[in-house]
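J.: Would you be able to build a 3D model of this:
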Amino acid sequence: MGYGYQTSQSTMRSVSRAQRDFDIMSMRSMQVNNSPAQIQPWVDDGEGSMISDHYAGGDGYGYSQVRTVSSNAGGSAMGTMRRTLSGTLASRSGDWQEEDQLYVNNVKPRGPAVRTLSRLNQNASRQNRMSMGSVSGSSTIQQQKMGGGNYVQCSNGSYGSLPITRAMSTMSLKSMTKGMDTFDGQEHISVGGKINDGFSDIDMHSAVEYLVASDPALQVLGAAYIQHECYNSTDAKNQAHSLKAIPRLVKLFNYPNQEVQRYATGAMRNLIYDNMQNKTALIAESGIPQLIEALREPDDELRKNVTGILWNLSSKDNLKDKLASETMSELTERVLVPLSQSGNQQSASESEIFYNTTGCLRNLSSVNEKVRQQMRECRGLVDSLVSYIQRSVETGKAEDKGVENAVCTLRNLSFQLYTEIPPSASMRLEGPSRRQDEGPGDVIGCFTPQSKKTKKKQVNDQLTFSEVAKDPKGMEWLWHPQIVSVYNRVLQRCEINSSTREAAAGALQNITAGDKRWAAVLSRVAMEQERILPTILDNLRTNNDQELRSLTGFLRNLSRYARNKDDMATKVVNNLLLKLPSDSSQTEPSSDVIINICGVLNNLVMGSSVAARDIAFFDGLQKLVPIKNNRNSASREKAAKAAMTVLGNMYHYNKLHRDYKLKGFRKEDFIDTSI
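T.: Numbers count the residues shown, from 1 in each chain. Coordinates of the predicted model:
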């Protein structure tokens, strides 16, 4: 019997965090030929790209979301699954409209303002007197305790203030493709109901004026005040902007005094947080070149602030192209390469710097094809990410946040890989003798797994490894067979961070999606060399819908290219049926997961009567038939069509009709007789 399939071309769009724009890709629908014996075709209106998004709220949790966008085009494939894309997304805590993903992160690093203010207090406690200048000149001040706060008494009798140690600021900034930024775990701490007691005798105007003082101590105090006041205060940020604080701070990024540099960048980090006006002003004042120059300083505190600012800036789509062109090579050369080298044990500060940097790159990689191509071609970028992941997994650090960012970045760079890589690489991967009319690689019809044609094709697949280097370098890592092993190890070793696991499964989904020959090769590498199926089935036990989407999407690709569908069916059918809803009232899993599962079952049923038999044996009909009849929403309508396709193809096995009848199901449950 013959089967025709219809696909849609995918489009990638950046995520809108505030509006929950997410992408899903390669929802390849399966359409049965118009023969009288066939059922209603399963047609999907389009496909999109999936973006894996990370949110960290005030309590240190991470979330992920996806959403489908549609576009129309042509192409043919059988049961192709989605390619996916990772980005970073943040939202208001508890304000989710779609499915979300939870990752508990108990590490709560102190923010720049905390470090800034603590350092000032420590300096003050070590000396009773210090010399400070003022806008009009210099005076001597002495720290005194007044009213529970830390104050500075000047020689002229006036009082300035030293900051309190428990003041707050942003941490490593969790940015997103669009929308607002988020804090990374810092909780609101107040002192006696007020958080600004230490700065009670300074206002924003004088603090901005201090930035141009001749005395570095006053510049530090002014920057510390701005940083302190702009923590979570939109009014303070707007006031600082109107007083022209941003151009003055930019000029201090590379000031000869290192303390001034630290506080100036710390203040800027708070100023641009969740404030597009200030981000735009920073760039307009040539802030990016100044930040890159400051990144060259061998000071970890300064580098943490600089990379945090860059990560924050990368949250906006309209800034990503400029950031990519001006920062990518420097970030790679000065952060990624040295901090990812094997044998280089990262300090706590270096880990934060690496985390900020990979967060920035993760955002940049989600914007468009041009930036993704720049990143693939950037010398040392892909190699460093892979090396860091490998070393972290080997040393038991697979849960680290830097690993999550690195895996998500690689996943993004794998998006639409076979259409975006250089033509020369594409030709090598396709092989010199691939017939244009050759099918996607499934063994269906008269060519059994034991036929001469199939055996010859298997031999040819084994020879394809000569088309890639033995030791991959640069962008070749993205499609090299060894990368399958890297993602497999992440799935095996990462037990807590579901975002990392989801990204690894999404990357595997990307490199095995589509009609290209190399997608089939890597699918078989995963199945036959890496023996990845047990790992995937083990991870299927999760109830995290985002993770299930990527896992079932990857399984859908594997089922398409599996040589022995009988064997795969005996291993996966029962596990997949357990994930389907038991009745129409259940809202989980999502329709996307149901469609993926039906795609796997359909691929197996079309090549194996064992799959159809096992679906009936494990009570799959009791779940598929209600799904077919549940058309309460647009998403459930698509799931219903998917289930209808599986049921229709199951009914073609006449020898199983008796089993179906014994289970209490009739022809009408499998085929819409009204058509």
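
J.: Where does the nearest residue to residue 370 once chain neighbours are set aside sit, in terms of helix or strand?
T.: Take residue 370 and drop its neighbours on the chain: the residue closest to it by CB to CB, 6 or more residues apart in numbering is residue 321, 7.1 Å away. The C-beta positions use only the backbone N, C-alpha and C, and glycine is treated the same way. Per DSSP states H and E, residue 321 falls inside helix 317-331.

J.: Put the alpha carbons of that helix into PDB.
T.: What follows is helix 317-331, C-alpha atoms only, in PDB (Å, rounded to 0.1, in the frame of the first residue of the first chain):
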ATOM      1  CA  ASP A 317      15.600  41.600  19.600                       C
ATOM      2  CA  ASN A 318      16.300  45.000  18.000                       C
ATOM      3  CA  LEU A 319      19.700  45.100  19.800                       C
ATOM      4  CA  LYS A 320      20.900  41.600  19.000                       C
ATOM      5  CA  ASP A 321      22.300  42.100  15.600                       C
ATOM      6  CA  LYS A 322      24.500  45.000  16.800                       C
ATOM      7  CA  LEU A 323      25.500  43.000  19.900                       C
ATOM      8  CA  ALA A 324      26.400  40.000  17.800                       C
ATOM      9  CA  SER A 325      28.600  41.900  15.500                       C
ATOM     10  CA  GLU A 326      30.400  43.900  18.200                       C
ATOM     11  CA  THR A 327      30.700  41.500  21.100                       C
ATOM     12  CA  MET A 328      30.700  37.900  19.800                       C
ATOM     13  CA  SER A 329      34.400  37.500  18.900                       C
ATOM     14  CA  GLU A 330      35.600  39.300  22.100                       C
ATOM     15  CA  LEU A 331      33.300  37.200  24.300                       C
END
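
J.: Extract the C-alpha trace of the helix or strand hosting residue 237 and format it as CSV.
T.: Using DSSP H and E, residue 237 sits in helix 234-242. Once non-C-alpha atoms are left out, helix 234-242 reads as follows in CSV (Å, rounded to 0.1, in the frame of the first residue of the first chain):
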residue,chain,number,x,y,z
THR,A,234,11.5,52.6,37.6
ASP,A,235,11.2,56.2,38.8
ALA,A,236,14.8,56.2,39.9
LYS,A,237,15.9,54.8,36.6
ASN,A,238,13.9,57.5,34.7
GLN,A,239,15.3,60.2,36.9
ALA,A,240,18.9,59.1,36.4
HIS,A,241,18.2,59.0,32.7
SER,A,242,16.9,62.6,32.7
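
J.: Wait, a helix at residue 574?
T.: Yes. Assessed by DSSP: H, G, I helix; E, B strand; the rest coil, residue 574 belongs to a helix.

J.: Not counting sequence-adjacent ones, nearest residue to it?
T.: Leaving aside its sequence neighbours, residue 574 sits nearest to residue 618 (CB to CB, 6+ apart; 4.7 Å).

J.: Residue 366 is in contact with residue 412, isn't it?
T.: Yes. Using CB atoms under 8 Å, residue 366 is in contact with residue 412, at 5.3 Å.

J.: residue contacts, the residue nearest to residue 335 when sequence neighbours are not counted?
T.: Distances taken as CB to CB, 6+ apart place residue 357 nearest to residue 335, at 4.4 Å, with adjacent residues excluded. Residue 357 makes contact with 307, 310, 311, 331, 335, 336 under the criterion CB atoms under 8 Å, 6 or more residues apart in numbering.

J.: In which helix or strand does the second one reside?
T.: Under the assignment given by DSSP H and E, the secondary-structure element containing residue 310 is helix 300-313.

J.: what's that helix in contact with?
T.: In this structure, residues lying in contact with helix 300-313 by CB under 8 Å, 6+ apart are 112, 115, 170, 172-173, 175, 181, 258, 261-262, 265-266, 268-269, 272-273, 279, 282-283, 288, 291, 294-295, 297, 319, 323, 327, 331, 335, 347, 349-350, 352-353, 356-357, 359-360, 363.
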